[in-house]
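using only what follows, build the 3D model:
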Amino acid sequence: MKEGNKINLFLVDDDAVFLKSLEIEFLQHPDFNVETFATGEQCVKSRNRNPDIVILDYMLNGIVEKAMDGIETLDKIKDYDTEIPVVMLSSQDKIEVAIACMHHKAFDYVVKSETAFIRLQKIITAILHSRKIKKELNWYMARM
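Below you'll find the predicted structure:
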């Protein structure tokens, strides 16, 4: 985490209304620096700004016809840094889609709904808790 321990959060979605609503929700919390992207290509070009967490739409085909989809974007993020947790979003409530995302090393999968933001908050809390435990474990292991 950078800038006064704020969470550097990337939001990637081709649905401008949903993307803006997520951005507004996260910006109401002082813990987040939020960057938004309408395509996977834009996100991948910006990955050197080292996001702490990426929330990524599964489809990503609404703006550019031949744009990278969410899985391709996820793979490129993981190729860059396997430690960046990526939470996949989709309006598809299909187990096959969720499984495909998890096979590509997504941290979690959330169906777009009126409760998606609450679910995302809980997942981010779990990610941060997991990082804290990992950091403490590494500290203890280094002293043994």
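
all helices for this structure, in order.
Here the chain has its helices, by DSSP state H, at 16-27, 40-45, 70-80, 95-103, 116-142.

save these as a markdown table, and put in mean pLDDT and distance to Met59 too.
For the C-beta atoms, the positions are set from N, CA and C on the backbone; glycine is no exception. Formatted as a markdown table, the helices of the chain follow (pLDDT from 0 to 100; distance: least, CB to CB, whole Å):
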| stretch | mean pLDDT | distance to Met59 |
| --- | --- | --- |
| helix 16-27 | 94 | 11 |
| helix 40-45 | 95 | 10 |
| helix 70-80 | 96 | 6 |
| helix 95-103 | 94 | 10 |
| helix 116-142 | 93 | 15 |
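
which stretch among those comes nearest Asp57?
Counting by CB to CB, Asp57 lies closest to helix 70-80 out of the helices of the chain; the figure is 5.5 Å.

list the buried residues for that closest one?
For helix 70-80, the buried set under the neighbour-count rule, 16 or more other CB atoms under 10 Å, comprises Gly70, Ile71, Thr73, Leu74, Asp75, Ile77.

which of the residues you listed lies closest to Ala100?
Nearest to Ala100 among those, counting by CB to CB, is Ile71 at 6.6 Å.

residues touching the closest one, list them.
With contacts defined as CB atoms under 8 Å, 6 or more residues apart in numbering, Ile71 is in contact with Tyr58, Ala100, Cys101, His104.

let's see if you can find the most crowded of these.
Neighbour counts for the contacts of Ile71, by other CB atoms under 10 Å, peak at Tyr58, which reaches 26 neighbours.

quick revisit: so can I have a markdown table of the helices of the chain showing distance to Val110?
Shown next, in a markdown table, are the helices of the chain (distance: least, CB to CB, whole Å):
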| stretch | distance to Val110 |
| --- | --- |
| helix 16-27 | 11 |
| helix 40-45 | 17 |
| helix 70-80 | 12 |
| helix 95-103 | 9 |
| helix 116-142 | 5 |
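
what's the closest of the ones you listed to Ile7?
Distance to Ile7, taken as CB to CB, is lowest for helix 116-142 among those, at 7.1 Å.
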